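Engineer: quick check, what structure comes out for this input:
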Amino acid sequence: MKGNIRTKNQNITLTLATIALTYFGLLAPKAFGVSPPPDGCYPGLTTAEGCNALSHLTSGAGNTGLGWDALFGTSTANFNTGVGAGALVTNNADSNTAVGAAALLLNTAGIENSALGTAALVNNDNGASNTAVGAFALQNNTNGNNNTAVGGTALQNSTGDFNTALGAGAGTDPDILSNNVYIGDPGFPGDTNVISIGGIAASGTPYENTYIGGIFGASVNTGTALPVYVDTDGHLGTTLVNANGQKVRLRAPQGAQAQATLNEFQKQQKRITELENMVARLAATVKDQAAQIEKVSAQIELQKPARQVVVNKQ
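Structural biologist: Just a heads-up that it's a prediction; the model follows:
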């Protein structure tokens, strides 16, 4: 239902855009502000420049082809933009944008794809809603949908869906599957539902330090807090398992253990505070007693009989 509403809204938006562009086109003056005037003022909101650009266009509207064979095969498709030699050359689907030589070169039926960079999404056939920014990004994607690759060769080998990769060489393992997020990490064979931030450095140089804001000093509810474990591969989790992947049973539930540890820590903190208060009270008592002793000593000195001088008479 949501998908239908989204499609209807997009269609309405594109229709309004077409009407607006047509309206302003009719109002445009015949004389141009630049000299010589631009060539290729074609009907249907079409712009074409370059050998064979949009040469098969029939009823398609709102297309722009700039470059050798740009949008060459587009006939009835709408709202496509191809800039660069061979950009969208076999395309006949709607709402694709390709900037770069051979960008979206083999796309035929995929819609709403965006490719920026040489050979970005070059092999895409009918995959939809993909975004590739960087030379050879998503190069081998053919049917995958909703992938996002930012960085040179990012997600180069991906053929799955809903993968996101950020950084040069991110998400490039040939056997990653779907629904993964990679930041500066090439991924690992068989990855599904994985988030990996530099687990394996795409640069080949291991990372040494990690800084993530919003953790240190942040409050966590003691009633739901869990301990976090990390293994030698840098994998994080809250549940311990053995080599076979079976959960390791602890003497008490992990949450209870965490609570017990927290309670013990709080008790120690309370005891330390009590001891500090006790020391402070003792110091004040000693100080008060010292003042009393000094006062008594002064009084004793005043009460001593005066010394008498004895004269030795001979």
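
Engineer: in which helix or strand would I find A132?
Structural biologist: A132 is part of strand 131-133, with elements assigned from DSSP states H and E.

Engineer: partner strands of that strand, parallel or antiparallel?
Structural biologist: strand 114-116 (parallel), strand 148-150 (parallel) (DSSP bridges).

Engineer: now those strands in JSON lines, with mean neighbour count and distance to A243?
Structural biologist: The C-beta positions use only the backbone N, C-alpha and C, and glycine is treated the same way. Output for the strands paired with strand 131-133, formatted as JSON lines (neighbours: other Cβ atoms under 10 Å; distance: least, Cβ to Cβ, whole Å):
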{"stretch": "strand 114-116", "mean neighbour count": "24", "distance to A243": "44"}
{"stretch": "strand 148-150", "mean neighbour count": "24", "distance to A243": "35"}
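
Engineer: dump those strands into JSON lines; add mean pLDDT as well.
Structural biologist: Output for the strands paired with strand 131-133, formatted as JSON lines (pLDDT from 0 to 100):
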{"stretch": "strand 114-116", "mean pLDDT": "98"}
{"stretch": "strand 148-150", "mean pLDDT": "98"}
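
Engineer: in CSV, list those strands along with distance to T108.
Structural biologist: Shown next, in CSV, are the strands paired with strand 131-133 (distance: least, Cβ to Cβ, whole Å):
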stretch, distance to T108
strand 114-116, 14
strand 148-150, 20
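
Engineer: just to revisit the earlier point, enumerate the positions of the strand holding A132 that are buried.
Structural biologist: Using 16 or more other Cβ atoms under 10 Å as the test for burial, strand 131-133 gives 131-133.

Engineer: now flag whichever of the residues you listed is closest to D173.
Structural biologist: A132 (17.2 Å; Cβ to Cβ).

Engineer: quick one, grab the pLDDT at that closest one.
Structural biologist: Looking at A132, its pLDDT reads 98.

Engineer: oh, and call the first residue 64 from now on, that's how I've got it
Structural biologist: In the new numbering, first residue 64, that becomes A195.

Engineer: list the contacts of it.
Structural biologist: By Cβ atoms under 8 Å, 6 or more residues apart in numbering, the residues touching A195 are 176-180, 183-184, 201, 204, 210, 212, 217-218.

Engineer: where along this protein do the helices fall?
Structural biologist: Taking DSSP state H, the helices of the chain run over residues 65-90, 317-366.

Engineer: worst average pLDDT in those helices?
Structural biologist: helix 65-90 (a mean of 54).

Engineer: hang on, the earlier thing: distance to C114 for the contacts of A195 - can I get that in JSON lines?
Structural biologist: Below are those laid out as JSON lines (distance: Cβ to Cβ, whole Å):
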{"residue": "N176", "distance to C114": "24"}
{"residue": "S177", "distance to C114": "25"}
{"residue": "A178", "distance to C114": "21"}
{"residue": "L179", "distance to C114": "22"}
{"residue": "G180", "distance to C114": "22"}
{"residue": "A183", "distance to C114": "22"}
{"residue": "L184", "distance to C114": "23"}
{"residue": "L201", "distance to C114": "27"}
{"residue": "N204", "distance to C114": "28"}
{"residue": "N210", "distance to C114": "32"}
{"residue": "A212", "distance to C114": "30"}
{"residue": "A217", "distance to C114": "31"}
{"residue": "L218", "distance to C114": "32"}
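
Engineer: in stretch 179-194, what's buried?
Structural biologist: 179-187, 190-194.

Engineer: just the CA trace of that stretch, in CSV.
Structural biologist: Taking C-alpha atoms only, stretch 179-194 is exported to CSV below (Å, rounded to 0.1, in the frame of the first residue of the first chain):
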residue,chain,number,x,y,z
LEU,A,179,28.2,9.3,-11.1
GLY,A,180,31.6,8.2,-12.3
THR,A,181,33.3,6.2,-15.0
ALA,A,182,31.5,2.9,-15.5
ALA,A,183,29.4,3.3,-12.4
LEU,A,184,26.6,0.8,-12.5
VAL,A,185,27.9,-0.1,-15.9
ASN,A,186,26.4,-3.6,-16.0
ASN,A,187,23.0,-2.8,-14.3
ASP,A,188,20.2,-4.3,-16.3
ASN,A,189,16.9,-4.0,-14.4
GLY,A,190,18.1,-3.2,-10.9
ALA,A,191,16.2,-0.2,-9.4
SER,A,192,16.8,2.6,-7.0
ASN,A,193,20.6,2.1,-6.8
THR,A,194,23.0,4.9,-6.2
